[in-house]
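Enquirer: Fold the following.
(4 chains)
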There are 4 protein chains.
Amino acid sequence: MTEHPQTGESGATEMQKNRRVGVAIVGVGGAVATTAIAGVAMIRKGLAGTDGLPLADAPGTGSLVAYENLVFGGWDLSGEDLSEAAASHGVLDKAQIFAVKDELDAVVPWPAAGNREFCRNAKGDNVAVASGHREQVEMIRTDLRRFREENALDEVVLVNLASTERAVDPSSPVLASAGAFERGVEESDPAIGPAMLYAYAAISSGVPYVNFTPSAAADVPALVELAGRENVPVSGKDGKTGQTMVKTVLAPAFRSRGLKVEGWFSTNILGNRDGQILDDPDSLASKVTTKGSVLDEMLGYPVKDHIVSIHYYPPRGDDKEAWDNIDLVGFMGRRMQMKVNFLCSDSVLAAPLVIELVRLSELAKRRGEGGVQEQFGLFFKAPTVANGHAPEHALHRQEERLFKWLLSGSPDAS
Amino acid sequence: MTEHPQTGESGATEMQKNRRVGVAIVGVGGAVATTAIAGVAMIRKGLAGTDGLPLADAPGTGSLVAYENLVFGGWDLSGEDLSEAAASHGVLDKAQIFAVKDELDAVVPWPAAGNREFCRNAKGDNVAVASGHREQVEMIRTDLRRFREENALDEVVLVNLASTERAVDPSSPVLASAGAFERGVEESDPAIGPAMLYAYAAISSGVPYVNFTPSAAADVPALVELAGRENVPVSGKDGKTGQTMVKTVLAPAFRSRGLKVEGWFSTNILGNRDGQILDDPDSLASKVTTKGSVLDEMLGYPVKDHIVSIHYYPPRGDDKEAWDNIDLVGFMGRRMQMKVNFLCSDSVLAAPLVIELVRLSELAKRRGEGGVQEQFGLFFKAPTVANGHAPEHALHRQEERLFKWLLSGSPDAS
Amino acid sequence: MTEHPQTGESGATEMQKNRRVGVAIVGVGGAVATTAIAGVAMIRKGLAGTDGLPLADAPGTGSLVAYENLVFGGWDLSGEDLSEAAASHGVLDKAQIFAVKDELDAVVPWPAAGNREFCRNAKGDNVAVASGHREQVEMIRTDLRRFREENALDEVVLVNLASTERAVDPSSPVLASAGAFERGVEESDPAIGPAMLYAYAAISSGVPYVNFTPSAAADVPALVELAGRENVPVSGKDGKTGQTMVKTVLAPAFRSRGLKVEGWFSTNILGNRDGQILDDPDSLASKVTTKGSVLDEMLGYPVKDHIVSIHYYPPRGDDKEAWDNIDLVGFMGRRMQMKVNFLCSDSVLAAPLVIELVRLSELAKRRGEGGVQEQFGLFFKAPTVANGHAPEHALHRQEERLFKWLLSGSPDAS
Amino acid sequence: MTEHPQTGESGATEMQKNRRVGVAIVGVGGAVATTAIAGVAMIRKGLAGTDGLPLADAPGTGSLVAYENLVFGGWDLSGEDLSEAAASHGVLDKAQIFAVKDELDAVVPWPAAGNREFCRNAKGDNVAVASGHREQVEMIRTDLRRFREENALDEVVLVNLASTERAVDPSSPVLASAGAFERGVEESDPAIGPAMLYAYAAISSGVPYVNFTPSAAADVPALVELAGRENVPVSGKDGKTGQTMVKTVLAPAFRSRGLKVEGWFSTNILGNRDGQILDDPDSLASKVTTKGSVLDEMLGYPVKDHIVSIHYYPPRGDDKEAWDNIDLVGFMGRRMQMKVNFLCSDSVLAAPLVIELVRLSELAKRRGEGGVQEQFGLFFKAPTVANGHAPEHALHRQEERLFKWLLSGSPDAS
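Expert: Residues are numbered from 1 along each chain as shown, chains lettered A, B, ... in the order given. The predicted structure follows:
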């Protein structure tokens, strides 16, 4: 690609690519995390290519750190070996786990910091009990510092892959401003949930933060403000895989052809932990609500009969199957139908997005661009925006925005 | 929208919208043409809305002529009443035909100009026999002139909706330059097919030309050259409806997510005349070839196992059903599948595109922009390009290009 | 068919076919009832053939009364004209309703008998208030008698097509024996629901009874006993259309091939009143439970992951769409999948079954075979059985049993 | 099951179950054969259960030999180790092949007997050249004799699993009678194909014969006659797996509900050798023809628009996917649709049928019932019948017939 890697911009690029970047994951023993760790290990060993990685050879991506340079760590309520955790998730096959067992087991889950209140129902036992929010934050910061030092990392990015938390009231006063939030930390205010504490610890340590779950975290006003003030990149939330991804591809096309969406029925069957949690009516409700507004925003009108149904269906394991039926009205009122059946693997779709978000967050930090990274919206179901912006959901416009950003500061761009 | 329609830009826009635009269709008794004619009549009567019309309310479309101002005419080998033709096509229901019977029957098909050679196998009997290419061209030009005068039209656009012709050899010398082509017309060169004669007659009359069929016409070098010289807008070819439309939406999304397309199996069942023609292996072959390259160009690599199969299946009538199976390879080599089942109506998807292409062609003419209108590619399976450009197939990028063009000269754009 | 219709068995058959049979329907203004009435009228006028009628030309059916000889009547809470009711159901198209408007409107809904208690929440106003169960039963019996006399009917069959009632406790003492039930009628016992009163009125009048709904009626022990004692044919319950019908076809085939059903996920979208009612979690629960056991009984083992999900989805109107995903385990543990997508019309599948059940019930009565007609199980989701028999669900075995019964007493059988 | 296995009927049954039965397969290195061999080995080792085996626990099957007692051998043009052949077929996964590698490799393919004429195009090199038909037959008989002796077998059954041969003219005089055929063998008549020679060698050796392929073999009149005369059980042809199996389940159900089949479109994608061969228009044509008549015979009327399309689609390997669209007409002319998508593995569906056919053929022989075994029709697409019988295609009636036969001579039946 370049004839003189030692000098000039290409040389700089080469050096940047070689930076060692730590990935500190909340929920490091989960299905997505272990898939990401195994995948990077397989790439490093030449056992996997870059299929499924969105930014493997897109324009402007030359300035991102190499996949091989990602170093994994993180917290988990379970102290189980990651190779065993991976086996139980059923995403990777035996041969794949065998091939990277050492790399997986080298990542020993750090005890998840928790205060007495939050630990009450915790199922795992890999817990470091804290006296309150403040101590918990300090423990997280200490973990991040140690991770960086022990691995001689140039940068660390914190990614939230923990199980979805209960919905919080975003209008709570303690979440309204950075100042109120910091007081809330001191006072262990119960309105501040665990995901927010991790986000706060990251931001206040200058560590870029990615929220891949639907939980409230860096998207509350207090932490958006803080991320801006500290100039730390934050992005979220809820990784866009599977059915919603398809929706953000098809809906703009229907609009483009003037086809009116009269109804959209989406059903999902999945057998992993996610499915089990979403089988709970409350969790499902919040998930479904999010999915609904996405469609209306893309189409420009409300789809009255938009139904999203999610079922826990164990025969599938981590494999997920979505079936969508879309009722369309065309010219002269003519009704048409489209049905889409997607047989996919949730974690295999999600892991590469996590990896790319880490690489992008590192680049944003390196470029000195903090605060909400709206241009990462491509990877999220509910893109966090700042300053009252309306989120963009259409996949192709999201991609365009990201590519523009990538090229804007890239030597490729000239 | 505006309070003072008589003055300023809005006034100009208002006047432009009120221009009367003739649509001269080759194959005016066909399914797509009768659907377009009935649809515009229903809009005029307030019986149909603008569902299915891509540019009904898109930004920058304020300068297009109103749907109500389109006036239809055209040639057909059959002299059958259009209401009867429409009934036999099975696209419109009885109530719709009843509601616009008068408007349909007011369009009396002009005899299709044909010389002895080409008429030999013509199935219809509504034919005006010509002594050769030159006389045929003159008859077409006379028809266009008479159409304009009798209807007091501000502009006329010619649209090819005739049955697909046999493939021609595009490297034939007579098609290589405008000069050679004009000599070929004088000499009734057999390399010049009927579609080209209509295109030539239009261009040489200053009438914008749209080729909605896969036949070779204004896309041969000679006519591209002529369209540029005469500054007449031409566009084509092969209207993008149904399965290919879906393909140009999904393929970019797979690329965007790094999902490798390992195989794409597409099957279609349709019971209209199109299906009958495509059941013929030769016609099918050419259709299939076109569809194949579209996919590879969008993905950036060849999909070895891309199969497109089309079947004549009478139970469906004009309704068309497509079933696609796509084999994908994701992260770590994980295989996934997507299946798409589209139950649509070919003519109902096609007619609005024809209508929009007429409105766009009129605008291009009014703006003084002649030659190949690459920015209309959104509506074509095999977009005609000029000057060696590579065609863009991704639906969203095509749309973006069109919108940019629309806004560039529009008062909305400021 | 026969040269001497006046004499011998064929003559008898001819006479039997010409018997006039009244169909007294609870819910005569509903979608299924109006479809049945319109269908028979169209057959009589030569406007419809016998497609969709299971016993139109099956062996042994020569002794059933002719479709043309069915005379309709019945109760409905709404007094609306049946042609208007049919139009609102959206099953028949305008031309069909137009063609048989007179026949539809000739059926004027009788006021539904109701006592004060049960009427409280009744939505319709076509109600004849009764002082209690006994008076209500008498009113029903009077209606049946008047129906028979006014129309010079040879036989009357009562069919329950009313909306599904709340589940009842089948072990209630008042439902345990004919004697207890009759005392309960006198005392207006609240454990006796409206459907049971209609069934009781029919049986005690010697009128065959068909329960096409999931409500408890002639299947409670008291009424089974009474039907036997009075020698009146009764059958039920819950008409087998759509998805369950498909299930009772595929499950035996999987068993036949030794394919283990690991999971069966069924989702339904429908936009008619049924869908609206089933959108209520309670009604859904009972429906789903019934469907579940059917599968297990046919396969011979419990399918742990059998999910049935029903959604009210208005864009479809009376059209119903079912999507099933079946996970199978084959030889050597190999997993396979089958997906079935059925686009059907609930009422159009149901109405012919109602018509056939009336013809069969009349035949049973004529043959002197009273009590539970197990051999009609072909048409029911939850076939009522007597004497502790296990119900048969496999469609083909049910059909075989019916055909055997038909042939056993038929002149065709010799 | 029995306390005194040494005495009485149960003792006899026990002894029968313990008979050692040889399976001599033409095409022993193919996908179906290696799957069958591996499957039986896994059952023997307790590594596989009986899922997918139709007669594992059906009534009356107690008198069949145990799966564990099947001993495999056979011919193949390729001398490749069976474990390697299995790996290349892609049916079994690595762990399965590893587990039964010894058992697979213990089956060393015998050289396929061939004369010069037939060997010309043979791709394999594991060939024993014969001077003509007679010598070829003798070689096959010798192989069968040696197989029996070396393995101390109580019985041998020959199964044809070779690639489909070109269609033959069944009215050829040499195929018309046993006498003519035997003369044809002497004269090496070219109308006698390889499959017939194997069938002839088996029958004339008293070895039951099963034709699992579409090739002409024991179904020609000459060999039907011979099988009767020699009292040797023969059955065929063309194993019924996948799409046709589903068709013989659904079509009777549609008939049962009076639903008229207006059109049936079937498409298949498969990537194994079968797919490659069927991609050849000639082979496809014969396959498609067979499938077509099956449907018409079951429904009782011709389905004009019955289309069967088969595509070689390598991404699937041995996995096969079928997509069917069925257009139905119901009551009052209402049109409905059903779509069935079956993701299966051809060889995994076929292998158990082969195993059961061997067990059944042995039982027929033991019972002294020779000639065409019509009651095995359950397992064939084109059941061979005798004496001008019409074949039964409906799966459930086929099954019933088989079960009746099984029970008729079984101690279970009493």
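
Enquirer: In stretch A:188-207, which residues are buried?
Expert: For stretch A:188-207, the neighbour count (16 or more other C-beta atoms under 10 Å in any protein chain shown) marks A:188-189, A:191-205, A:207 as buried. Any C-beta I mention is one placed from the backbone N, CA and C, and that applies to glycine too.

Enquirer: Can you list which of those residues are found in helices?
Expert: A:Pro194, A:Ala195, A:Met196, A:Leu197, A:Tyr198, A:Ala199, A:Tyr200, A:Ala201, A:Ala202, A:Ile203, A:Ser204 (DSSP state H).

Enquirer: out of these, who's nearest D:Thr35?
Expert: Relative to D:Thr35, the closest of these is A:Ala195; by C-beta to C-beta it sits at 50.0 Å.

Enquirer: Quick one: residues contacting the closest one.
Expert: By C-beta atoms under 8 Å, 6 or more residues apart in numbering or on different chains, A:Ala195 lies in contact with A:Val26, A:Asn160, A:Ala162, A:Glu165, A:Asn211, A:Thr213, A:Ser215, A:Ala216, A:Ala217.

Enquirer: Can you tell me how far the third one is from chain D?
Expert: For A:Ala162, the distance to chain D equals 34 Å [C-beta to the nearest C-beta, to the nearest Å].

Enquirer: next SSE after the helix or strand where A:Ile355 lies?
Expert: Secondary structure from DSSP states H and E places A:Ile355 in helix A:346-366. Where DSSP H and E defines the elements, the next helix or strand beyond helix A:346-366 is strand A:371-372.

Enquirer: What lies in contact with that next one?
Expert: With C-beta under 8 Å, 6+ apart as the test, strand A:371-372 has contacts from A:Ala218, A:Val224, A:Ala227, A:Gly228, A:Asn231, A:Val232, A:Pro233, A:Val234, A:Ser235, A:Thr384, A:Val385, A:Ala386.

Enquirer: how about a cut-off of 7 Å?
Expert: A:Val224, A:Ala227, A:Gly228, A:Val234, A:Ser235, A:Thr384, A:Val385, A:Ala386 (C-beta atoms under 7 Å, 6 or more residues apart in numbering or on different chains).

Enquirer: list the buried ones in stretch A:172-182?
Expert: A:Ser172, A:Val174, A:Leu175, A:Ala178, A:Ala180, A:Phe181, A:Glu182.

Enquirer: for those residues, which one is nearest chain C?
Expert: For the buried residues of stretch A:172-182, the minimum distance to chain C (C-beta to the nearest C-beta) is 31.8 Å, reached by A:Ser172.

Enquirer: Give me the distance between that closest one and D:Gln337.
Expert: 52 Å (C-beta to C-beta, to the nearest Å).

Enquirer: same check, this time on A:Ala86
Expert: Applying C-beta to C-beta, the value for A:Ala86 to D:Gln337 is 43 Å.

Enquirer: Any part of the helix or strand where A:Gly263 lies near chain D?
Expert: A:Gly263 is part of strand A:260-270, with elements assigned from DSSP H and E. No - Strand A:260-270 does not reach chain D (C-beta under 7 Å from any C-beta of the partner chain); its nearest approach is 14.7 Å.

Enquirer: Identify the residue spatially nearest to whichever residue of the stretch 301-414 of chain A sits closest to chain C, adjacent ones excluded.
Expert: At 3.6 Å from chain C, A:Pro315 is the closest residue in the stretch 301-414 of chain A, using C-beta to the nearest C-beta. Spatially, and ignoring its direct neighbours in sequence, A:Pro315 is nearest to C:Gly263 (3.6 Å; C-beta to C-beta, 6 or more residues apart in numbering or on different chains).

Enquirer: and that neighbour, how many residues sit next to it?
Expert: C:Gly263 has 21 neighbours, counted by other C-beta atoms under 10 Å in any protein chain shown.

Enquirer: Do I have it right that it meets C:Leu328?
Expert: No - C:Gly263 is not in contact with C:Leu328 according to C-beta atoms under 7 Å; the separation is 9.0 Å.

Enquirer: Give me the pLDDT value at A:Thr244.
Expert: Note on A:Thr244: pLDDT of 89.

Enquirer: typo on my end, it should be A:Glu68
Expert: Model confidence at A:Glu68, expressed as pLDDT, equals 95.

Enquirer: what secondary structure does it sit in?
Expert: Secondary structure, DSSP: H, G, I helix; E, B strand; the rest coil: A:Glu68 is helix.

Enquirer: is it true that it touches A:Lys45?
Expert: No - the pair A:Glu68 / A:Lys45 is not scored as a contact, 9.7 Å apart, by C-beta under 7 Å.

Enquirer: Low-confidence stretches in chain A?
Expert: Regions of chain A meeting the criterion pLDDT under 70 cover residues A:1-13, A:114-123, A:273-292, A:410-414.

Enquirer: Residues of it that sit close to chain C?
Expert: Contacts of chain A with chain C, taken as C-beta under 7 Å from any C-beta, map to A:262-263, A:265, A:267, A:269, A:305, A:307, A:309, A:311, A:313-315, A:321, A:323, A:325, A:327, A:339, A:341.

Enquirer: Which parts of the stretch 151-300 of chain A are strands?
Expert: A:155-160, A:209-211, A:233-236, A:260-270 (DSSP state E, counting those that start in this stretch).

Enquirer: Give me the spatial nearest neighbour of the residue in the stretch 51-200 of chain A positioned nearest to chain C, chain neighbours excluded.
Expert: Closest contact between the stretch 51-200 of chain A and chain C, by C-beta to the nearest C-beta, is at A:Gly90 (12.7 Å). Nearest non-adjacent residue to A:Gly90, counting by C-beta to C-beta, 6+ apart: A:Gly317, 4.2 Å away.
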